[in-house]
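>>> next comes the sequence, and after it the predicted model I'd like to discuss.
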Amino acid sequence: MKIELITYRKGQARSVEYEYIPREAGERPMALDVLLQAQATKVSDLSFRYGCRNRTCGICTVDINGKPRIACRSRVRAGDKVSAVSALPVVRDMVSTRDGVARQLRGKLPISLRGNELNVEAPSDYHALTACIECYACLDHCPMHARNLDSDSDERDENGAYRWGSPFSLLKLQRIRLDPVATASDREQALSAAMDLGLEICRKCPGCKCGVGIDLKGKVIQPLLAADG
């Protein structure tokens, strides 16, 4: 089974055709299986990230045929193309720079939240949002995040964080608004941060897709827009 691997070195993309050797008859390997075998046999310096191997950490996300997929739980077929996540700057091969997103909410989150010390029951929507594994698949074709990739408006703060938001950042902020121990001030601060990150552009967006199936439009975007009026 031949798989096309797109490697990036010094800003140049190169296609490498790799023939995966099945470990058993009829095997349909995960993308991560292909990357690991390619590194062990043909492309010894192939760079990629992985951690839990159980769709828990989200760091192994790659693009398969141009769509973000979690490599440890996404099967590939002959002729598929595996490359780095296109919604983030590529460092090398399948490795993309994630820190601009991860650092985005520093200084924007309410400081009064100390955890649910009173064991107050949280609403079901709050628990639904805790399923996020930070795979960043939701950045794909996001018009808000796309502003961060525009070379003419590359704005980052002192932490190296992106200026404009993404469904991931909005999810974090909506989770604060649903937190049963959050104060009215916390909720207002979270909504203000969402607006500052570019929430308004979501009014014209048909929706976003989550790598683990969270209803981002129904449980994150629409409630935030409704609160903003």
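Noted; the coordinates are in hand. Values in this document were obtained by computation on a predicted structure and should not be read as measured data.
>>> in this protein, which spans are strands?
Along the chain, the stretches classed as strands by DSSP state E are 2-9, 12-19, 61-64, 67-70, 81-83, 90-92, 95-96.
>>> mean pLDDT and mean neighbour count added to the ones you listed, as a markdown table?
All C-beta spots, glycine's among them, are computed from the backbone N, C-alpha and C. What follows is the strands of the chain, written out as a markdown table (pLDDT from 0 to 100; neighbours: other CB atoms under 10 Å):
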| stretch | mean pLDDT | mean neighbour count |
| --- | --- | --- |
| strand 2-9 | 96 | 17 |
| strand 12-19 | 96 | 12 |
| strand 61-64 | 98 | 25 |
| strand 67-70 | 97 | 21 |
| strand 81-83 | 98 | 20 |
| strand 90-92 | 95 | 16 |
| strand 95-96 | 95 | 20 |
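>>> what would these look like in CSV with distance to Leu171?
Shown next, in CSV, are those (distance: least, CB to CB, whole Å):
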stretch, distance to Leu171
strand 2-9, 29
strand 12-19, 31
strand 61-64, 16
strand 67-70, 16
strand 81-83, 25
strand 90-92, 24
strand 95-96, 19
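>>> nearest to Ile176, of those strands?
Closest to Ile176 of these, according to CB to CB: strand 61-64, at 24.5 Å.
>>> strand partners (parallel or antiparallel) of the closest one?
strand 67-70 (antiparallel), strand 81-83 (antiparallel) (DSSP bridges).
>>> re the thing from before, closest one to Gly218 among the strands of the chain?
Distance to Gly218, taken as CB to CB, is lowest for strand 67-70 among the strands of the chain, at 20.3 Å.
>>> mind saving the C-alpha coords of the closest one as PDB?
The C-alpha trace of strand 67-70 is given here as PDB (Å, rounded to 0.1, in the frame of the first residue of the first chain):
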ATOM      1  CA  LYS A  67      -8.300  17.600   6.000                       C
ATOM      2  CA  PRO A  68      -7.100  17.600   9.600                       C
ATOM      3  CA  ARG A  69      -7.200  14.200  11.200                       C
ATOM      4  CA  ILE A  70      -6.000  12.700  14.500                       C
END
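>>> now that strand, how far from the chain's geometric center?
Its chain's C-alpha centre and that of strand 67-70 lie 9 Å apart, by CA atoms, centre = their mean, to the nearest Å.
>>> so which of the strands paired with strand 61-64 gets nearest Ser185?
Nearest of the strands paired with strand 61-64 to Ser185, taken as CB to CB: strand 67-70 at 35.6 Å.
>>> please enumerate residues in contact with the closest one?
Residues outside strand 67-70 that contact it (CB atoms under 8 Å, 6 or more residues apart in numbering): 31, 55, 58, 60-63, 85-87, 133, 135-137, 139-140, 211-212.
>>> which of these are buried? Put it as a ChimeraX command.
If you want just the buried ones from the contacts of strand 67-70 in ChimeraX, going by 16 or more other CB atoms under 10 Å, the selection is:
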select :31,55,58,60,61,62,63,85,86,87,133,135,136,137,139,140,211
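>>> inside helices: which ones of the contacts of strand 67-70?
Ala31 (DSSP state H).
>>> so Ala71 sits against Cys52, correct?
No: contact status for Ala71 versus Cys52: not in contact, 11.4 Å apart, counting by CB atoms under 8 Å.
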